[in-house]
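# Make a model of this:
(chains A and B)
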Amino acid sequence: MKPNASGNGNLPWIKDEVRPKLRSWEEFYRNRWQHDKIIRSTHGVNCTGGCTWQIYVKDGIVTWEMQGLDYPSLEAGLPPYEPRGCQRGISYSWYLYSPLRVRYPYIRGALLDLWKEARSRHEDPVEAWRSLVENPEARTRWQRARGKGGFRRGDWDTAVELIAAASIYTIKKWGPDRIAGFSPIPAMSMISYASGARMLELMGGVALSFYDWYCDLPPASPETWGEQTDVAESADWYNSKLLAVMGSNLNMTRTPDCHFAAEARHNGSKMWVFAPDFNQVAKYADEWVAINAGQDGAWWMAVNHVLLKEFHHEKPEPYFLDYTKRYTDAPFLVELRNENGSWRPGQLLRANRLSAYAAVENGDWQFLMWDLGENRPKMPQGTVGFRWAKQKGKWNLELKDGLDGSDIDPALTFLGGESVEVELDDFGEGRTLRRGVPVKRIETADGSSVLVTTVYDLLMAQYGVPRGLTGDYPQDYNDENAPYTPAWSEKYTGMGRETLIRFAREWGNTARLTGGKCSIIIGAGINHWYHNNLMYRAGIHALMFCGCVGVNGGGLNHYVGQEKLAPMESWSAIAFARDWMPAVRLQNAPSWHYIHTDQWRYEREFREYHAMPQDGAGSNGNMDISHGHTADVQVEAVRNGWLPFYPQFNRNPIELVREAKAAGKDPVEFTVEQLKSRKLTFSVEDPDAPENWPRIWFIWRGNALMSSAKGHEFFLKHYLGTHTNAIAEDLAAGSVKEVAWHENAPQGKMDLVVDLNFRMDTSALYSDIVLPAATWYEKADLNSTDMHSFIHPLSAAVPPCWESKSDWQIFRTISKKFSELAARHFPEPVEDLVASPLAHDSPAEIAQPRMQSWVRGEVEAIPGKTMPNLKMVTRDYKNLFNQFVSFGPLVRANGLGAHGTSYAVEDFYDEALRTGPVTTWDGKSYPSLYEDTQVCDTILRFATVTNGELAHRSYRNMEQKVGLPLAHLAEKNRGVRLTYKELQSRPHRLLNSPMWSGLTENGRAYSAFTYNKECLVPWRTLTGRQHFYLDHPGYLQYGEHLPTYKPKPSPVQYADLRLSKAEGKTLMLNYLTPHGKWHIHSTYGDNHRMTTLSRGVEPFWINDRDAAEIGIVDNDWVEIHNDNGVVVTRAAVSARIPRGISIQYHSPERTFSVPKSPLRNYRRAGGHNSLTRVRLKPNLMVGGYGQFTFHFNYWGPTGCNRDTHILVRKLPDLKW
Amino acid sequence: MNVRSQVAMVFHLDKCIGCHTCSIACKNIWTDRKGTEYMWWNNVETKPGAGFPTQWENQDKYNGGWEVGNGKLKLKSTSKEKTVFNIFHNPHMPTMDDYYEPWTYDYQHLFNAPEGPDQPTARPISMITSELIQIESGPNWDDDLGGSPIYAQNDPNLKGLTPEQQAQLFAVERLVFFYFPRICNHCLNPACVAACPSGALYKRGEDGIVLVDQNRCRGWRACIAACPYKKMFYNWNTGKSEKCILCFPRLEAGQAPACFHSCVGRIRYLGNVLYDASRIEEVAKLPDEELVEGQRSLILDPHDPEVIHEARRNGIHDSVIETAQRSPVYKFVKVWKIALPPHIEYRTLPMLFYVPPMAPVMANRSDDVVNGVSDDLFHDIEQSRVPMKFLANLFGAGHESKVRYALRKQKAVRWYRRALTVGDVEMSTAERMLREADSSPEEAEAIYRLTSLCTFEERFVIPPMHREEAIQMLEDPLEHKQSVGFGFMMAPRRGM
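So this is what the prediction gives:
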């Protein structure tokens, strides 16, 4: 527009302002926009977003952030990834200079005073600590002050010396396995995670798991696929033609990815959303399935009924049948067992039971299919038996007999021949059904015969597909009493059969026409129920029946937590100090917290709330884990090496080795003898005895005392020894058999709690020492996720503000002080004995074909086979700091790998030594890990996803095992070497690697298990296939061998409301805590942006009619309580919440806007986890058996909390 | 014909996530200062809902926008006579209660609290008075509160819905909500500009951005009353009005405005259109039902040689004509007719257009069992949970036909893409649906691409601002290059 143009048409009141002088004021806004520097970083917050951000700096101050846009594009026809980054991420810059920022070290005043006084009396800091911690009065003094104010600004020297002294004392007095650390999900800032874990593992301390504790781990994934979790990146949603979104609120929790789902719809994809409330993602749905809370399993069971009936039985779809034969365990033979005159499904028939295969290697772990070609059972390749066989090259999915190489044309069904009626559990009605199943009789090597059927035939029976067989089969879809018909599902789901049938047909047809492009996007809304594994399995089966797993646009896309740490191999070597230590202490946190916080004491037998088969069913001579108390099963799991538990023993492991050596015995043999004679016991057998307590707890990168602390009030009571709002009673006396009972539970087990933080959150507020941590805009780190296939850096836009340091610098600093003190207390290296469980992706997967107890003499006590591994480890404490900053020699010697892969790295290690930087001590040099950036580069140099040569090498190695060509998958990118600086310049895509199951060449969207399906690489399961059937003896006892429906634990059975009484107008509601809009966990929720855009608190969402019933109107204060604790917050009233449930979005803090509770004598009310208490599902504790074998964050019971019920009333009296 | 160029916008509501990233992108940069705490130049509302400030759409209360009387267009809020009367007190002006009292917390208490018998907590304090307060409202108070008996029920757009339809919005059969992000519409006929007694507001000639001159503004606040969208705010610290500036400093550098850049739902489109300024008044006076079409007719075909000729004659740069030809806004609004202006009945001729959202199918409930009402793969738009009348009140001055047209075309595109990508729909069926929706396979393909596959560069076609020419009027651009940034910045001062 030329400046002389003026006047806007003929409207006299409007004129263009073009006079330049009058427009010079516009620089007012231009000046604001000017900035000095833009730096790339991201947010380490376990949001799973993993977005690349531009951080703007002006005047040396971070002013704001905007999303980066420079993602490489994927293949044509996929929407681009730009921009990524949500309302929470863009509010982060507030924290840097906010009044909530931890700028200096803080120490609890009560402790600091005592410490100063003790130090004045003791020249040796370790002695000073001893004088305090062994004085019950002093110890109680600072424990009781926890969380109640009284912080003092401290200095780094004092804080670090105290921490180091306490650590040394604890190692000497109790053992290193009494020092534990918790930090969430590493992928979000993996260097920072590694810092603390590395220090702890060098010490011999314990790293606590996170994924299972958060209940983010879907146990159905290891059950089905032998995989912790592997899912499609969000761009692949776009390839899906039917999206079933359940328990996952994409707008809220997958904010930067949500557009792919929205855009897929405009490309003709159909979207179904399942949620009890009209949630945010429901607005996108073509159809919102207003399913009753926690009843998704019933829905999918009935969907599978329809799919099997229509697409498998009545009009078999060739693609579905072919897929089911090749990629699932459906054709495998199951032995039927006669128990008390009835047939029940048993374990998979082992190949060595037949004379033809009697002598095969690992015969207990070889399984059978019925070959239609030769009309006989054959033993296919690809099973766990072949995986761990001496002769390599037959671990693949070719349908060939592993002995003679002949082809197999597997029979899915024996329909048409003999049949017998088999007992099936109907947990919904608490009864047993009998349904006819086609069978064959097979002669065994010992001359007897067994009755077998196929997994497929059992599935048909279990899902109730009428095929002309006798028994309790339903008449048709309208048979309401027969599980699992569409009519049956109505009473659980509240949704009509017409809708369900329509859904199932759309599902089947879409998969048929597209080769499996149906996907389920699923999340915590389902995974947090007690029976989540069953709900997930039912959904997974619909995918497997229709060939949807391992194809782009298909699959189970579970997004709960940022669990995908892409450069796993080199990272885990650094994080768990495997470069120095041959054995590590990795603890599954659910078991640890359940036992150590004494939450096990507040419940009785699990059968009170867990629907189980009739007594004795499925025991088959195995150890019985289907009765009693959860803690008892936990004890068996530790004894048998299924799960870890630390502390290990009721004695210091360093002392144990000394004793053995003094007695002239091999420490491992000595330990076994001592255990067998009960002179030595596992700590888990008497967790309340002082020698078995955890003593020091490091918390960093997370809010361990609030966000994830299921049973928070029990943490306060039993760990911290401070106030608690729990009123629950001890109930376990008489119920527990294997755990020693103390009449009074200990309070305040922890001597010292140390928190690293950039903000004063609940965990910081309750800790003894708070160390100021650098923010995500102040340090170097790496970030990866499963939502996309890029890897991002965190970078320092400004140096760590005030006195803060990066996590790496902090633990390095503590390590240095520790080593200084160790020079006096541990002048020579000491020997530690590490007990660890049987490990997934190791030969221990075939350790225990049966459940047998060495404690009861049913089997020999053999470390690593029938009991935990026992391994000697030398700890050189005075050189711990040197080890911390040096990439150790074991990597060079042993190579690297993960998920069962391995590759050599000598050349790259030597290259790193040549190019530097190195650290040198005791005359030897090592690649340096001193600086954060050096750690980043070391991880990138040694990982397959960022070093193409190593990916190639790892595929080559896998080729040997599999016997099929694979290395071509890495050929194209063989020359790629990514460095930290390159990541700072722009996002890079991860390379194909055999440790991940998706394929990404040529911009293809990552979708899980495409590698398995296309390259015939087995899943890491018992049969090498995807598992419908779970034949572990424990699963048979729990009736979870087949997919099934188990009712939710009822409020009465769950016993959260035994002592809580209604006072005034009160309502009982199910209490749900899904992820919310204004926070990621508790982060962001306390910042100015998020509190302003929400309601200044995390409100309690309640149905409008429910609210009216108890006289609550919107924004009223409400008091929410049960036996576990109390919450006081505001009400948000809406009809979008159905009656009977309530929502408080995860995760509020107690630190702001929380009044006091009249029901608890006006003590400060708590957060969402004040109302929860953890229950563990015992069958998830089994081990040493195929995919049911422990790995950190992969297997074990999860910390579920969805079944909680509460009472709510209007707050009668507001007090602050 | 008086051809002008205006930077115009489209928000695709079907894609909106309701995440508010846009709001914070804006706030971080522009309204994080003293005096601006409560301002949200960009905000996102839940519909049905009361909005921010509360019930801004209720012009019985606020008297914003224009009305036609005696064949003349006049401001509802003010006139020459009323200006003097209302200058110190305007009864229709929103008050603090209609916005909210900004607050923070006493965070330092967590660090400083002495040891006591109970846990300390940081209490809310007012950012205006620094006193402890109870939080009773906020700028996004009814977020996600569809089905709320207080907020959703009081949405002015429910007008004209039967009591039964209104009641259904609180039941599983029809319960629904969607998101409505809002910024200044940079209207063709801006009431705020017309209302200013000081002449401090202007519409920039080169791009149509409406600004408040921070030097000339005297804080009369007539603009606040006049803007029917309530997108003008008063800075209590400087005593000046402020509003969305469409990030002109970013646009001038060829960058999308911050709220557009940060839109992670990828719902936003921006590009210039050429329009005929000589017909603004004529169009603004049309009867309600003709307004949508009337405003559309103002937007000119940038490929038309006569338009190009007139544009050049008016000093519009060739490069700006070229971006108008590639403008995504032109396609959505003029070619495809699926983006509609909000509340055109306010007659300010907003230049931000919305693609109305599709919604899940309605349900029925019998014997406590719920079923969807349609057996089709994609239900008919009349079976959607958002009542057509409600959308018409928002985007059609109460008339349903334009909204229905936009939704039907969106739906037809989905059927078409389904037929292409899956094949469980016959292509002949899909093509029939396209015809019935006044579309074609070619158009469907184009709509699909710009909706789903759009890149940053396709969403935002920013006209070159030719700053060298603007600066040249003040000083030699070479001198400007050499000296820009030297000097002292002075914030506008309060008062005269």
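# Which residue would be the closest one in the stretch 101-250 of chain B to chain A?
The stretch 101-250 of chain B approaches chain A most closely through B:Glu115 (2.8 Å), counting by Cβ to the nearest Cβ. Using the backbone N, CA and C atoms, a C-beta is placed for each residue, glycine as well.
# number of nearby residues for that residue?
15 (other Cβ atoms under 10 Å in any protein chain shown).
# Kindly confirm my reading that it is in a strand.
No. When classified by DSSP: H, G, I helix; E, B strand; the rest coil, B:Glu115 is found to be coil rather than part of a strand.
# do you know how far the closest residue in space to it that isn't next to it in sequence is from A:Leu752?
Nearest residue to B:Glu115, sequence neighbours excluded (Cβ to Cβ, 6 or more residues apart in numbering or on different chains): A:Gly150, at 2.8 Å. Distance check for A:Gly150 against A:Leu752: by Cβ to Cβ, to the nearest Å, it reads 16 Å.
# In chain B, where is pLDDT below threshold?
B:79-89, B:489-490, B:494-496 (pLDDT under 70).
# For A:Glu421, see how far away A:Phe274 is.
A:Phe274 sits 35 Å away from A:Glu421, taking Cβ to Cβ as the criterion.
# repeat for A:Lys1077
The gap separating A:Lys1077 from A:Glu421 is 52 Å, by Cβ to Cβ.
# which strands and helices sit next to the one helix or strand B:Met433 maps to?
Using DSSP states H and E, B:Met433 falls within helix B:427-436. Where contact means 3 or more Cβ pairs under 8 Å, 6 or more residues apart in numbering or on different chains; DSSP states H and E, helix B:427-436 is packed against helix B:401-421, helix B:441-448.
# So which of these is the most surrounded?
For the helices and strands packed on helix B:427-436, the largest average neighbour count (mean count of other Cβ atoms under 10 Å in any protein chain shown) is found in helix B:401-421, namely a mean of 22.
# quick check, that helix touching chain A?
Yes. Using Cβ under 8 Å from any Cβ of the partner chain, we find that helix B:401-421 touches chain A at B:410, B:413-421.
# Just the angle for that helix relative to helix B:441-448, thanks.
100 degrees (axes from the mean of the first three to the mean of the last three Cα atoms, to 10 degrees).
# mind checking how far helix B:401-421 is from the chain centre?
In terms of Cα atoms, centre = their mean, to the nearest Å, the gap separating the centre of helix B:401-421 from the centre of its chain is 24 Å.
# for A:Ala844, what are its contacts?
A:Ala844 makes contact with A:641, A:838, A:864-865, A:869, A:1184, A:1189, according to Cβ atoms under 8 Å, 6 or more residues apart in numbering or on different chains.
# Could you look up the SS state of it?
Assigned by three-state DSSP, the conformation of A:Ala844 is helix.
# So if I had to pick from A:Gly150 and A:Leu752, which one is more boxed in?
Applying other Cβ under 10 Å to A:Gly150 and A:Leu752 shows that A:Leu752 carries more neighbours, namely 26 against 21.
# Next, the contact list for that one, please.
Each residue near A:Leu752 by Cβ under 8 Å, 6+ apart is listed here: A:162-163, A:166, A:695-697, A:768-769.
# let's go with 6 Å and repeat that
Neighbouring residues of A:Leu752 by Cβ atoms under 6 Å, 6 or more residues apart in numbering or on different chains: A:166, A:696, A:768.
# What does the spatially closest residue to B:Lys334 that is not a sequence neighbour show for phi and psi?
Closest residue to B:Lys334 apart from its sequence neighbours, by Cβ to Cβ, 6+ apart: B:Ile299 at 5.0 Å. With angles defined as degrees, to the nearest 10, B:Ile299 sits at phi -80, psi 130.
# touching chain B at all, the helix or strand where A:Thr499 lies?
Assigned by DSSP H and E, A:Thr499 falls within helix A:497-514. Yes. Using Cβ under 6 Å from any Cβ of the partner chain, helix A:497-514 reaches chain B at A:498-499, A:509, A:513-514.
# Switch those over to CSV; also include pLDDT and distance to A:Arg353.
Formatted as CSV, those follow (pLDDT from 0 to 100; distance: Cβ to Cβ, whole Å):
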residue, pLDDT, distance to A:Arg353
A:Glu498, 97, 47
A:Thr499, 98, 46
A:Asn509, 98, 42
A:Leu513, 98, 42
A:Thr514, 98, 41
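# from the residues you listed, which would you call buried?
For the residues of helix A:497-514 next to chain B, a burial check counting by 16 or more other Cβ atoms under 10 Å in any protein chain shown picks out A:499, A:509, A:514.
# Check whether the first one really touches B:Asn371, as I assumed.
Yes. Shown here, A:Thr499 and B:Asn371 form a contact pair, counting by Cβ atoms under 6 Å, at 4.7 Å.
# how much space between the nearest residue to A:Asn352 once chain neighbours are set aside and chain B?
Spatial nearest neighbour of A:Asn352, excluding adjacent residues (Cβ to Cβ, 6+ apart): A:Gly363 at 2.7 Å. Between A:Gly363 and chain B the computed distance is 47 Å (Cβ to the nearest Cβ, to the nearest Å).
# How many residues are close by A:Gly363?
By other Cβ under 10 Å, 18 other residues sit near A:Gly363.
# and A:Pro12, what pLDDT?
With respect to pLDDT, A:Pro12 scores 66.
# That should have said A:Gly618, apologies.
At A:Gly618, pLDDT is 66.
# Out of the contacts of A:Leu752, which is nearest to chain B?
Of all the contacts of A:Leu752, A:Asp768 has the smallest distance to chain B: 12.8 Å, by Cβ to the nearest Cβ.
# Can you give me the neighbour number for the residue found closest to A:Leu1176 once you drop the neighbours it is linked to in the chain?
Once flanking residues are discounted, A:Leu1176 sits nearest to A:Pro1197: 3.6 Å by Cβ to Cβ, 6+ apart. Per other Cβ under 10 Å, the neighbour tally for A:Pro1197 reads 27.
# same thing with A:Arg19?
12.
# measure it to chain B for me?
The gap separating A:Arg19 from chain B is 9 Å, by Cβ to the nearest Cβ.
# right, and the helix or strand after the helix or strand of chain A at the bottom of the mean pLDDT ranking?
In chain A, the helix or strand scored least confidently by mean pLDDT, DSSP states H and E is strand A:16-17, which has a mean of 66. Next helix or strand after strand A:16-17 toward the C-terminus (DSSP H and E): helix A:27-33.
# what's the nearest residue to the spatially most central residue of chain B if we skip its chain neighbours?
With distances taken as Cα atoms, centre = their mean, the residue of chain B nearest its centroid is B:Arg182 (3.5 Å). Of all residues not flanking B:Arg182 in the chain, B:Asn43 sits nearest, at 5.7 Å (Cβ to Cβ, 6+ apart).
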